[in-house]
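*Asks:* sequence below, structure please.
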Amino acid sequence: MLLYLSTWAEIGQFLERSRTIVIPIGSNEQHGPTGLLGTDWMCPEIIACQAQKSADILIAPTFNIGMAQHHIGFPGTISLRPSTFIAAIGDWVHSLVAHGFEKILLLNGHGGNVASIEAAFSELYAEASFARRPAGFALKLCNWWDLEGVGELAKEQFPTGHGIHATPSEIAVTQWAYPEAIKTADYSPQIAPWGPIREAFDFRARHVDGRMGSDPAQASPDKGRDLVMMAARGLIQEVEAFSSEPMPTPYARGSGV
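*Replies:* Sure thing, here's the model as predicted:
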């Protein structure tokens, strides 16, 4: 079930049977000469939309701008400051909790988001902890490449040249979903070098074409389809397990717990 294609009444009905929602979250940033700028938000969105076709899962609109300042040296990248990103996540969570959602799972597609997402979670939990009240919600971060079976499949498909940015696995996912947007290029070297990630000027100097340790030429729509199906099954499992976790019972003030 897609929130943005639903009415408010339909969301109210969904809340009667589930208090869990999935938010695809990513980034709009360069992905080398052939990777689409939307790759990091498109991958979790593609996987989440596939998962909801065979399970009663509610998918929120995609949070498609993340923390990508180190890619600003490449045209088309859009980034939020970590502080802005953290504040925006907080507003999304507060909005959903106000309607009765208790379990909010962020399906992430950009490694550069992880630290800020975890910081956002800490800020949200701290609001409740310092007020000595239950938060009333639980938050979970899942990177799509960490879903059950996905990492193993990617290693099998791409034993060399997978890398960590503009990877053949993420590009394969977008190729499957958007075959009309497949790009090609001659890579030199075939497998890109990699190094530390700092600020934008340093990143562009180290990674001239935007890739990090990857050979995206190995990507194909068929490989992307297999990755999406594996990830969709893994997401359904994650949502079911998360939804079944009991919400904590408030402890008594002064109990020493």
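*Asks:* need the helix or strand of this protein with the lowest average pLDDT.
*Replies:* helix 200-206 (a mean of 95; mean pLDDT, DSSP states H and E).
*Asks:* all strands for the stretch 51-200 of the chain, in order.
*Replies:* For the stretch 51-200 of the chain, the strands defined by DSSP state E, counting those that start in this stretch occupy 103-108, 138-143.
*Asks:* quick one on the thing from earlier: which parts of the next helix or strand after the least confident helix or strand of the chain are buried?
*Replies:* Using DSSP states H and E, the helix or strand that follows helix 200-206 towards the C-terminus is helix 221-244. Buried residues in helix 221-244, counted by 16 or more other C-beta atoms under 10 Å: 221, 223-236, 238-239, 242. (Glycine included, C-beta is placed from N, CA and C.)
*Asks:* which ones are touching the residue nearest the centre of the chain?
*Replies:* For the chain, the residue whose C-alpha lies nearest the mean C-alpha position (C-alpha atoms, centre = their mean) is N108; its distance is 1.3 Å. Neighbouring residues of N108 by C-beta atoms under 8 Å, 6 or more residues apart in numbering: I25, G26, P44, V114, I117, L141, C142, N143, W144.
*Asks:* how near is it to G12?
*Replies:* Distance of N108 to G12, given as C-beta to C-beta, to the nearest Å: 28 Å.
*Asks:* so who does I78 touch?
*Replies:* N28, E29, I65, A68.
*Asks:* just flag the most distant two among those residues.
*Replies:* Of all pairs drawn from those, the one with the longest distance (C-beta to C-beta) is E29 and I65, at 9.3 Å.
*Asks:* who's more crowded, these two?
*Replies:* Per other C-beta atoms under 10 Å, whichever of E29 and I65 has more neighbours is E29, with 29 against 19.
*Asks:* beta partners for the residue nearest to the centre of the chain?
*Replies:* Counting by DSSP bridges, N108 is bridged to I25, N143.
*Asks:* how about low-confidence regions in the chain?
*Replies:* Across the chain, residues meeting the criterion (pLDDT under 70) sit at 250-257.
*Asks:* one more time with 50, if that's ok
*Replies:* 255-257 (pLDDT under 50).
*Asks:* helices of that one, residue ranges please.
*Replies:* Here the chain has its helices, by DSSP state H, at 8-15, 39-51, 82-98, 114-130, 150-157, 168-177, 200-206, 221-244.
*Asks:* now those helices as a markdown table including distance to I21?
*Replies:* Formatted as a markdown table, the helices of the chain follow (distance: least, C-beta to C-beta, whole Å):
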| stretch | distance to I21 |
| --- | --- |
| helix 8-15 | 9 |
| helix 39-51 | 10 |
| helix 82-98 | 6 |
| helix 114-130 | 15 |
| helix 150-157 | 22 |
| helix 168-177 | 22 |
| helix 200-206 | 33 |
| helix 221-244 | 9 |
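*Asks:* brilliant, that's me finished.
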